[in-house]
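Q: sequence plus the predicted model coming up.
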Amino acid sequence: MTDPDLLRTPPSLEDYLHLRAASGLSPKTPEQGRGAVANSWRWSVVERDGRAVAMGRVIGDGGWYFHVADMATLPEHQGQGLGRRVLADLLTQIDEAAPPGAYVTLMADEPGRRLYESMGFVETAPHSLGMRLAP
C-alpha cells in the first residue's frame, strides 16, 4: 500500500463516532463504538492532519463471508474520491486475505449506491431482502 494517508488501522473511538454522525449515519454510543472499533475484521481509514475524514470497515468470519460497513466521509471531504479509495482498499484486503469464493455484501443507502454499483456490487432483491431484528 503506497497511499500515505490511507491507513489499515481503526480510527480513534472519537473519530469513529464523529464520522458516523457527521456523515449522516445513525449516531452510536461510545459503548457501541468500542465494539466496532475493536472487533472489525479489517479497516481502511483516510486521515488528514491526524484526524480520520473517511472510513470503512469489514466485518466477517475471515473465511467466506464479509460485510462492508460504516462507509462514511465527512461532508467537507466528500466528492474527492475518498469513499472510492476506502472501498477499493477494503476489497483489496479481502482479495489478499480471503480464500477464493468470498461472499461480499453491504447495505447500500441511496447516497452510496452509484459508487457501489460502479465497483461491481449488484442488487440482491427480489431474491433476498435485508432485514433486522426490531428493537
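A: Arrived safely, thanks for sending. Keep in mind that what you see is a predicted model, and the values were worked out from it rather than measured. Numbers count the residues shown, from 1 in each chain.

Q: from here on, contacts and neighbour counts on C-alpha atoms
A: Fine.

Q: helices of the chain, residue ranges please.
A: For the chain, applying DSSP state H gives helices covering 13-22, 30-39, 82-97, 113-118.

Q: residue 58: which of those is closest?
A: helix 82-97 (7.1 Å; CA to CA).

Q: check the offset of that closest one from the chain's centre.
A: 9 Å (CA atoms, centre = their mean, to the nearest Å).

Q: show me what that helix is in contact with.
A: With CA atoms under 8 Å, 6 or more residues apart in numbering as the test, helix 82-97 has contacts from 6, 42-46, 54-58, 62, 66, 68, 71-73, 102, 115, 119.

Q: buried stuff in that helix?
A: By 16 or more other CA atoms under 10 Å, the buried positions in helix 82-97 come out as 82-87, 89-91, 93-94.

Q: also stretch 49-68?
A: Buried, per 16+ other CA under 10 Å, within stretch 49-68: 52-60, 65-66, 68.

Q: separation between the closest residue in space to residue 11 that isn't next to it in sequence and residue 101?
A: Distances taken as CA to CA, 6 or more residues apart in numbering put residue 52 closest to residue 11, at 6.2 Å, once the chain neighbours are dropped. Distance from residue 52 to residue 101, counting by CA to CA, to the nearest Å: 32 Å.

Q: equivalent analysis for residue 8, please.
A: Residue 8 sits 23 Å away from residue 101, going by CA to CA.

Q: looking at the two, which is more packed in?
A: The residue with more neighbours, out of residue 8 and residue 101, is residue 8; 19 against 10, by other CA atoms under 10 Å.
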